[in-house]
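*Asks:* sequence below, structure please.
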Amino acid sequence: MRKPSSTYRLQITQDFDLFEAARRLPYLRDLGVDWVYLSPILAAEPGSTHGYDVVAHDHVDASRGGAEGLAAVSAEARRLGLGVLVDIVPNHVGVATPAESVWWWDLLKHGRDSERADSFDIDWAAGGGRLRIPVVGDDDRSPEGGPVANLAVVGTPDGRELHYHDNRFPIAPGTADDGADADTVHDRQHYELVNWRVADSGLNYRRFFAVNSLAAIRVEDPHVFDESHVEIRRWFDESLVDGLRVDHPDGLRDPQGYLDDLSDLTRDAYVLVEKILEPGEEMPRTWATAGTTGYDALAHLDRVLTDPAGQAPLDALETRLRGAAVDWHELIHDTKRAVADGILNSEVNRITREILPLVEEGAVSSATHIADAVAELLACFPVYRSYLPEGRAHLDEAFALARTHRPDLAGTLDVLLPVLSDPDADPAQRFQQTSGMVMAKGVEDCAFYRFSRLTSLNEVGGDPSVFAITPEEFHAHMTARQAEWPDAMTTLSTHDTKRGEDVRARITALGEIPHVWGAALDELLELAPLPDAGFAALLWQAVVGAWPATRERLHGYAEKAMREAGDRTTWTAPDEAYESAVHAAVDAAYDDDRVAAVLDRLLARVVGPGWSNALTAKLVAITIPGVPDVYQGSELWEQSLVDPDNRRFVDFDSRIDLLGALREGAETVLTEKADDPGAAKLRVTRSALTLRRDRPDLFTSYAGLSASGSAADHVLAFDRGGAVTVATRMPIGLAARGGWGDTVLDLPAGEWRDVVSGRVASSGSAAEILSGLPVALLVKES
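*Replies:* As a prediction, the model looks like this:
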């Protein structure tokens, strides 16, 4: 198996297609990258900016470059000695535009007689033999049913179709030949157009999370696997691609079986999985994968850079802002329960329908009690999912917590335990597919926006209640990583992170000055009042972390953040007064000189330390055990916020020019100014990636290095088997101590050269090693 030493993620779109990606590969090679890593490239919904809404599995998206574009990327990668990694989406397909999806169109047209009927995960009986499509507005049909307004039968070159506004649907053969009106024709179809609100509780097909336009497919069926991997198989048969990243494996019926099938198809190629691990959780060792996409490593890295002394004052601030102490675990229980009772209640109801035939009559009083218990178990589930029989302890923990939260459900839980713990039982398998959805929507997409203590910790794969870890704890995690998952990915930023790596780096610096932050926040609240002071803390941290940012970007973030929080306003029922107040606060950052002055004072305290944290995070992420990924553009400052902000245009021309200047030895700006183009970060990235690629022999083990002296707790250092990383943590506290002073790193004897700066160190003096930058990557001078 060929394995990468590093990857570089490119978002392939219509505007940045595969041909453009091929044109940028020489830059990636010069940067030190080993493999290019492509976002999904199969045919997707028209206008898709991300590619996760695949509509056809038999060809590369033409708007992204098509087969010729992929061939160009592959040929250029081979010429440069690079590998190619591609993101794939096995769990679902895009159905927003039915005519674009051959499978979905055939299903709608022929119903259960369609050759694609078994490809989708549908409960036909629950819909009275029809597939429910939740596209109808409130003005055209109520949630309770009735005729659908604005329907029309329209003749097209391909035959008659049923149109609802801009939505087009097929008509079953023989159902519109008698001149019947549109409503009658609709009643004869294998699908039913229902009010959009029906999706919460009455949908009868499985989706990706709560996205109605992403319909899940049954890839556990060998025929469906084969048909949905036709093009992917071609990539490996023709040696176009070297590895894959699997999106959302937790949505699959049998992730292990799928990965085994994929291993056979790719002939044991390098495969990563987008698996989110909770603290202390281990990934199944039986999976045919090199490991996760790196959110677990990201969580450890952010926390080892966080000052533990900031926890108590920031806890006190959060309590004051919220009016009561926040219990994180109670918060996420409640947000997950709201999801199970709300946008994912259709899944709860389907699990309930599958349970009913398996329990003795009279064992439970009603289906309502079963649904209540299932929802409570989903709310109590401690990790994303189990893989029974593996992970049975997580299921037992969920039952124990459910009994504590809801003692009134004890009898129903007793009935459910044998059913949901049976690995072969349909409801147990569906419960496993659903628990991850509830976790993601309840925690990442809701609770993360309701907890503002230190938002650099509110990141995918992290538990915000875990505030900081020590260097010793970090070394223990990395030692285990080297032993167990040495080829898993490491990352700092992705298309899914809530905040870019350098936004988090600057917010981390706030954790060193909690009282300064609290005082500044009080001023901001006085100058730009918000109805929710806790949300204000989250918003202003984003402003500080992303500054300077355009007004449009911050308004976009504010809207998404407050609606995802969902406690004051929502996507489906916006509170105009509340949202106006939030947007007014954003405007005040630009229009009110008093607000600007507060921000300027605060930025003066954190921009420099944030710069230091950013360089530390980048070097550590590239040099710890695993395969480091550089998200597009993040070799310079990465101050993006949540998607779609993190999928903005990347100016590769400026990066190529700056890298050229570095390679030629030209003088570059290595200052802490907010407008610095990031030359220091580019230098760190290039030096570390190049060493990893060209000298793999220096990265074969892991050992934490200790330091002694007055500032020893500000050093994070480790030896990878010849390459030694030395980095600064908690830079504000270091400056308050007066610098490194007598701090000495326990470095083996000899002369060491820093490959970032070129300087030679003859001792372990931290002041000498870190005299130019807050980081160093050392190799023996000999």
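
*Asks:* what residues sit buried inside the helix or strand that contains residue 604?
*Replies:* Secondary structure assignment for residue 604, by DSSP states H and E: helix 593-623. Buried residues in helix 593-623, defined by neighbour count with 16 or more other Cβ atoms under 10 Å: 595, 598-599, 602-603, 605-623. (Each C-beta comes from the backbone N, C-alpha and C, glycine too.)

*Asks:* now the residue lying farthest from the centre of the chain: phi and psi?
*Replies:* Going by Cα atoms, centre = their mean, the residue of the chain most distant from its centre is residue 178, 51.0 Å out. The phi/psi pair for residue 178 (degrees, to the nearest 10) reads phi -100, psi 10.

*Asks:* still on that earlier bit, pLDDT averaged over the helix holding residue 604 - what is it?
*Replies:* Average pLDDT, helix 593-623: 98.

*Asks:* which element follows that helix toward the C-terminus?
*Replies:* Downstream of helix 593-623 (by DSSP H and E), the next one is strand 627-631.

*Asks:* strand partners (parallel or antiparallel) of that following strand?
*Replies:* Strand pairing for strand 627-631, using DSSP bridges, gives strand 7-10 (parallel), strand 489-490 (parallel).

*Asks:* chain center to that strand: distance?
*Replies:* Per Cα atoms, centre = their mean, to the nearest Å, the displacement of strand 627-631 from the mean C-alpha position of its chain is 14 Å.

*Asks:* for stretch 67-86, same thing?
*Replies:* Relative to the centre of its chain, stretch 67-86 is centred 26 Å away, using Cα atoms, centre = their mean.

*Asks:* and for stretch 54-73?
*Replies:* With Cα atoms, centre = their mean, you get 24 Å for stretch 54-73.

*Asks:* need the distance between the two termini of that stretch.
*Replies:* Distance between the two ends of stretch 54-73: 20 Å, counting by Cα to Cα, to the nearest Å.

*Asks:* which residues sit against it?
*Replies:* For stretch 54-73, the external contacting residues (Cβ atoms under 8 Å, 6 or more residues apart in numbering) are 12-14, 17-19, 21-22, 25, 36, 38, 40-46, 51, 84, 89, 92-95, 97, 100-102, 104, 227-232, 235, 240-241.

*Asks:* in it, what counts as buried?
*Replies:* Neighbour-count burial for stretch 54-73 [16+ other Cβ under 10 Å]: 54-57, 60-61, 63-67, 69-73.

*Asks:* state the pair within the residues you listed that is farthest apart.
*Replies:* 55 and 72 (22.9 Å; Cβ to Cβ).

*Asks:* which intervals of the protein have sub-threshold pLDDT?
*Replies:* Residue ranges of the chain with pLDDT under 70: 665-676.

*Asks:* contacting residues around the most centrally placed residue in the chain?
*Replies:* Nearest to the mean C-alpha position of the chain, counting by Cα atoms, centre = their mean, stands residue 496 at 3.3 Å. Residues in contact with residue 496 (Cβ under 8 Å, 6+ apart) are 460, 643.

*Asks:* relative to residue 692, how far out is it?
*Replies:* To residue 692, residue 496 is 24 Å away according to Cβ to Cβ, to the nearest Å.
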